[in-house]
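S.K.: no letters, just coordinates:
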Ligand code: BJW
Ligand code: ZN
């Protein structure tokens, strides 16, 4: 059977679907991926900026990077991959979307049952009192500060070496264990613990379907890897 037809069959037969998405799903909306060559900003790699030490020593540089990304993302809109996933959710009795993306485009496309593993770029968190709030303005000159305690605010995202929010990770693990189809889309499958969710699902009997431009460390163990653009494959493989 051809890959698209097999993908459609898997999506049709599944009763409980869990999907894990990565930067590749937003690439066709214009959001740069992390490990592609357009993933660089002022010669910094994501690993150098998305870590707590960078923020401790150079909070302004890190905030400038997030500000630049916020300005880039703000006008962007969901692409056919985001929309297909929202449609699939509406058609399935059990569907959960686990995303590593912080851009909010899945919600904009109409997805409802979303777990944001790595946070959200439109939220901030106080480094002192940990209050989380929505925020769209970042005064780079004075840096943003907390309305409650005046502590320095940071992006409400998960950096390397930081733990994911326990409730969210637990819910993602539970979804991986409960599904009968785990779909991994547009992620390089190297960043943990997200990358291990597929093994968790497979260990509990789920089939694993991968959609990516190219092979990843997950591909050898996936039941099916379909290579191409998510925004083309997903709409054409809808049940
Ligand atoms: C398309 C496409 C199209 C393109 N269609 N496809 C166990 C072993 C080894 C290391 C570790 C381990 N456990 C923890 C670690 C350390 C670390 C880690 O995993 N390091 C690895 C690099 C080895 N993990 C952590 O630190 C995590 N914390 C943790 O585990 O805490 C416990 C702990 C602490 C200390 C020690 C040990 C344990 C936290 C990870 C947080 C990641 N944060 C970031 C930044 C988020 C905020 C922000 O955006 O600024 O999350 S980093 C970045 O990577 C971002 C992404 O969500 C994440 C994943 O990237 P993604 O989505 O896969 O993007 P790309 O660019 O890599 O790939 C895009 C893919 O799309 C490619 O494959 C393309 O081919 C494809 N594609 N266009 C379909 N149109
Ligand atoms: Zn505070």
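M.R.: Great, that's in hand. What you are looking at is a predicted structure, and each value in this text was computed from that prediction instead of being measured. Ligands and ions are numbered 1, 2, ... in the order given.

S.K.: give me every residue in the protein lying close to ligand 2.
M.R.: Contact residues (Cβ under 5 Å from the ion) of the chain with ligand 2: 126, 128-129, 146, 148-149, 151. C-beta coordinates here come from the backbone N, C-alpha and C atoms, glycine included.

S.K.: let's see 6 Å
M.R.: Within the chain, the residues that sit near ligand 2 (Cβ under 6 Å from the ion) are 126, 128-129, 131, 146, 148-149, 151.

S.K.: in ChimeraX, select just the buried ones from those residues.
M.R.: Listed next is the ChimeraX selection for buried residues among those, using 16 or more other Cβ atoms under 10 Å:
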select :126,146
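
S.K.: of the residues of the chain next to ligand 2, closest to ligand 1?
M.R.: Taking Cβ to the nearest ligand atom as the measure, residue 126 is the one of the residues of the chain next to ligand 2 closest to ligand 1, at 17.6 Å.

S.K.: pull the residues that contact the longest strand along the chain.
M.R.: Secondary structure of the chain per DSSP state E: the longest strand is strand 119-126. With contact meaning Cβ atoms under 8 Å, 6 or more residues apart in numbering, strand 119-126 is reached by 66, 69-70, 73, 102-104, 131-136, 144, 146, 148-149, 151-158, 165.

S.K.: narrow those to those that are buried.
M.R.: Judged by 16+ other Cβ under 10 Å, buried ones among these: 66, 69-70, 73, 102-104, 135, 144, 146, 153-158, 165.

S.K.: which of those fall in strands?
M.R.: Under the assignment DSSP E, the buried ones among the contacts of strand 119-126 contribute 153-157 to strands.

S.K.: secondary structure class for residue 215?
M.R.: Using DSSP: H, G, I helix; E, B strand; the rest coil, the structure places residue 215 in coil.

S.K.: distance-wise, check it relative to residue 37.
M.R.: Look at residue 215 and residue 37: by Cβ to Cβ, to the nearest Å, they are 18 Å apart.

S.K.: the two: which is more packed in?
M.R.: The neighbour count for residue 215 versus residue 37, taken as other Cβ atoms under 10 Å, is higher for residue 215 (13 against 7).

S.K.: touching, the more buried one and residue 226? I think so.
M.R.: No. Judged on Cβ atoms under 8 Å, residue 215 makes no contact with residue 226 at a distance of 11.1 Å.

S.K.: what residues does the helix or strand of the chain with the lowest mean pLDDT touch?
M.R.: Every helix and strand of the chain was ranked by mean pLDDT, DSSP states H and E. The lowest is helix 46-49, at a mean of 92. With contacts defined as Cβ under 8 Å, 6+ apart, helix 46-49 is touched by 34-35, 39, 41, 54, 61-62, 65, 160.

S.K.: of those, which are in range of ligand 1?
M.R.: Restricting the contacts of helix 46-49 to those near ligand 1 by Cβ under 6 Å from any ligand atom leaves 34-35, 160.

S.K.: just give me the closest of those residues to ligand 2.
M.R.: Taking Cβ to the ion as the measure, ligand 2 lies nearest residue 160 of the ones next to ligand 1 among the contacts of helix 46-49, at 23.7 Å.
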